[in-house]
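Chemist: kindly generate the corresponding structure for this input.
(chains A and B)
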2 protein chains.
Amino acid sequence: MAQAPIGTSEFDRDTAVRLRERDGARSVFDADVSPGWTVFDTANGGYLLALIGRALGDALPHPDPFSVTAHYLSATRPGPAVVRTELVRSGRSLSTGQASLVQRAEDGTEIERIRVLATYGDLDSVTDDVRTTAKPPAMPPYERCPGNRGRPAAAGTPAISDRLDIRLDPATAGWAVGAPSGRGEMRAWFGLADGRPADALSLLLAVDALPPTAFEMGLAGWVPTVELTAHVRRRPAPGPVRVSITTRNLAGGYLEEDAEVWDSEDRLVAQSRQLALVPRGA
Amino acid sequence: MAQAPIGTSEFDRDTAVRLRERDGARSVFDADVSPGWTVFDTANGGYLLALIGRALGDALPHPDPFSVTAHYLSATRPGPAVVRTELVRSGRSLSTGQASLVQRAEDGTEIERIRVLATYGDLDSVTDDVRTTAKPPAMPPYERCPGNRGRPAAAGTPAISDRLDIRLDPATAGWAVGAPSGRGEMRAWFGLADGRPADALSLLLAVDALPPTAFEMGLAGWVPTVELTAHVRRRPAPGPVRVSITTRNLAGGYLEEDAEVWDSEDRLVAQSRQLALVPRGA
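Modeler: Prediction:
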């Protein structure tokens, strides 16, 4: 498949931010939230994390997200948005920043959608030591996992599906045919539909782009994220990545989704955890 | 053992904050960082999270921390501190706030120590549904785990040790006698030395109060936290809690510590993950 290069791919265009002004530690960026990355008219949380992550990468002295936390305050709609950033601390190897994505309501009122706190570094500077006991997810090879590519879009398919190359592990795809496994697990090969290679920014999308684990637990409906924290641990090697998401504690109306992203060299490149609301219909 | 009640215990006194002023969504609190919760003159990150968490509980319309993220910017010293909070969003069941703990350098310059982003709710309002596959940590009963209570303080013992009742699982205590297991695991029964019961605030301490997993991996030295996110999932039942911490990926000079806290009713009451620097001496 032809590869859209990093920089001019659909993902890069749709997460672009334009610096409007910079005043000391504070910057203001304009952005356009694309309708292409939505589920039911709400922009995907991982896509927005990547968009805000791009603004922070511009505003901070270090290029790569090491730890990014987002609190989702209200649903982000396609259309204009403003990202305000603040440089909180600038250190030698790490810098910390904060960001806020806002949109305007029809009456002109400003509504904050997402508040982010993040520490950035340089993934080129991380050392080569590896003492990892975590194992890559056990799942069939890419070719043996059913994909969404090349099929005509079904009614009700979210817009974001067209932009992703997600190939679900058949063991966690039962929900799609009315036979969920009952386990809080979701695994998939993950890539961008236009073949753009993975990088630190697209990993922020990858951790929140699979169907919710709640579907495999037999629950249906919207699973709103309260908070998501992602750690990028390494620049991904070329090729599709594997994403494994696990829910071990659904209780009190909330559940956590723990995601791991593994690259083609069997290295853990990102981890994330989100706290989400159990679907109302459950 | 006599129990110090919630409200007047050592932990409550030392995490107290005094509201100085409130202006709309912004509040300013004064606090005194106690020398009693330090390791080598640096205040413990969990203790500070509880102190800031108390300020946010006062500043936000909901009482309990559901998700709290702290980025540790510089080492906090015993002495006066100021906590500034901002109410970011106020919703029906959840509210989001931000906080910053600052101290003054000797020349009067203000130095930010910690930046926090948090969502609060009311733990009394969470539903009773439980569909949890996570299991409590396998470890010996409280009585069979060696404790630090009643022993004379050894030279070099951190001040915080006197305020905690930590009983390490012998299987993860090898580091203390020069025989680390090599596994990134640390488990302990956790309580406060004066018998104060656990609550949501003390869970913020519990997730960052055990010895670092790095010690059991044979590494020595300081393990500075870059970022820590804690989720409080339920009010803990009476009695000591069990804390289990796991490191599955040490790579590139960073490691994660995943903590779980379980109460006496075998319920998962808190989860946390922190990103930390691998000790330099490693």
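Chemist: show me what contacts A:A105?
Modeler: For A:A105, the contact set (Cβ atoms under 8 Å, 6 or more residues apart in numbering or on different chains) comprises A:I111. Yep, even glycine has a C-beta here, placed from its N, CA and C like the rest.
Chemist: and the pLDDT at it?
Modeler: Confidence at A:A105, expressed as pLDDT, is 92.
Chemist: for B:P136, see how far away it is.
Modeler: 47 Å (Cβ to Cβ, to the nearest Å).
Chemist: ok, now A:P158?
Modeler: Going from A:P158 to B:P136 by Cβ to Cβ gives 38 Å.
Chemist: so for those two, which sits in the more crowded spot?
Modeler: Between A:P158 and B:P136, A:P158 has the larger neighbour count (other Cβ atoms under 10 Å in any protein chain shown), namely 17 against 14.
Chemist: the more buried one against A:F40, yeah?
Modeler: Yes. A:P158 is in contact with A:F40 according to Cβ atoms under 8 Å; the separation is 6.9 Å.
Chemist: which parts of the stretch 51-200 of chain A are helices?
Modeler: Counting by DSSP state H, counting those that start in this stretch, the stretch 51-200 of chain A has helices at residues A:200-206.
Chemist: quick check: residues of it near chain B?
Modeler: Taking Cβ under 8 Å from any Cβ of the partner chain as the contact definition, the stretch 51-200 of chain A meets chain B at A:66-67, A:69, A:71, A:73-74, A:88-89, A:94, A:96, A:98, A:112, A:115-119, A:126-134, A:183-184.
Chemist: just the buried residues of those residues.
Modeler: Among these, those buried by neighbour count (16 or more other Cβ atoms under 10 Å in any protein chain shown) are A:66-67, A:69, A:71, A:73, A:88-89, A:94, A:96, A:98, A:112, A:115-119, A:126, A:131-132, A:134, A:183-184.
Chemist: show me what contacts whichever residue of the stretch 151-282 of chain A sits closest to chain B?
Modeler: Residue of the stretch 151-282 of chain A nearest chain B, by Cβ to the nearest Cβ: A:G252 (3.3 Å). Contacts for A:G252 (Cβ under 8 Å, 6+ apart) come out as B:126-130, B:233-234.
Chemist: what's the spacing between it and A:G184?
Modeler: 15 Å.
Chemist: and if you look at A:S100?
Modeler: Between A:S100 and A:G184 the distance is 32 Å, computed by Cβ to Cβ.
Chemist: pLDDT score assigned to the nearest residue to A:T247 once chain neighbours are set aside?
Modeler: With sequence-adjacent residues excluded and distances taken as Cβ to Cβ, 6 or more residues apart in numbering or on different chains, A:T247 is closest to A:G184, at 3.1 Å. pLDDT, A:G184: 97.
Chemist: correct me, but A:G184 touches A:L219?
Modeler: No. A:G184 is beyond contact range of A:L219, at 9.8 Å (criterion: Cβ under 8 Å).
Chemist: tell me how many other residues crowd A:G182.
Modeler: Neighbour count of A:G182, defined by other Cβ under 10 Å: 12.
Chemist: list the contacts for the nearest residue to A:R235 once chain neighbours are set aside?
Modeler: Excluding its sequence neighbours, the residue lying closest to A:R235 (Cβ to Cβ, 6+ apart) is A:L123, at 4.7 Å. By Cβ under 8 Å, 6+ apart, the residues touching A:L123 are A:63-64, A:200, A:232, A:234-235.
Chemist: what about A:R196, neighbour count?
Modeler: Under the neighbour criterion other Cβ under 10 Å, A:R196 is assigned a count of 21.
Chemist: now it: closest residue in space that isn't a chain neighbour?
Modeler: Excluding its sequence neighbours, the residue lying closest to A:R196 (Cβ to Cβ, 6+ apart) is A:S9, at 3.7 Å.
Chemist: equivalent analysis for A:V28, please.
Modeler: In space, A:V28 is closest to A:R20, 4.6 Å off (Cβ to Cβ, 6+ apart).
Chemist: flag every buried residue along the helix or strand containing the one you found.
Modeler: Here A:R20 sits within strand A:17-23, counting by DSSP states H and E. For strand A:17-23, a neighbour-count test (16+ other Cβ under 10 Å) marks A:V17 as buried.
Chemist: ditto for stretch A:38-45
Modeler: For stretch A:38-45, burial by neighbour count (16+ other Cβ under 10 Å) applies to A:38, A:42-45.
Chemist: which among these gets closest to chain B?
Modeler: A:G45 (14.2 Å).
Chemist: who does the closest residue to A:G147 other than its chain neighbours bridge with?
Modeler: Of all residues not flanking A:G147 in the chain, A:R167 sits nearest, at 4.3 Å (Cβ to Cβ, 6+ apart). In this entry, A:R167 is beta-bridged to A:G147, A:W189, by DSSP bridges.
Chemist: what is the burial count for A:R167?
Modeler: The tally of other residues near A:R167 (other Cβ under 10 Å) stands at 25.
Chemist: can you check A:G97 too?
Modeler: Using other Cβ under 10 Å: A:G97 sits among 28 other residues.
Chemist: I'd say it and A:Y120 touch.
Modeler: Yes. Contact criterion Cβ under 8 Å: A:G97 and A:Y120 qualify, at 6.8 Å.
Chemist: what is in contact with those two at once?
Modeler: A:56, A:60.
Chemist: model confidence at the residue nearest to A:R196, what's the number?
Modeler: 96.
Chemist: distance of it from A:R163?
Modeler: 10 Å.
Chemist: any common contacting residues for the two?
Modeler: Common neighbours of A:S9 and A:R163 (Cβ under 8 Å, 6+ apart) are A:192, A:194.
Chemist: residues in contact with the least confident helix or strand in chain A by mean pLDDT: which ones?
Modeler: The weakest-scoring helix or strand in chain A, judged by mean pLDDT, DSSP states H and E, is strand A:130-132 (a mean of 89). Contact partners of strand A:130-132, identified using Cβ under 8 Å, 6+ apart, comprise A:267-268, B:217, B:248-252.
Chemist: what about 7 Å?
Modeler: With contact meaning Cβ atoms under 7 Å, 6 or more residues apart in numbering or on different chains, strand A:130-132 is reached by A:268, B:217, B:248-251.
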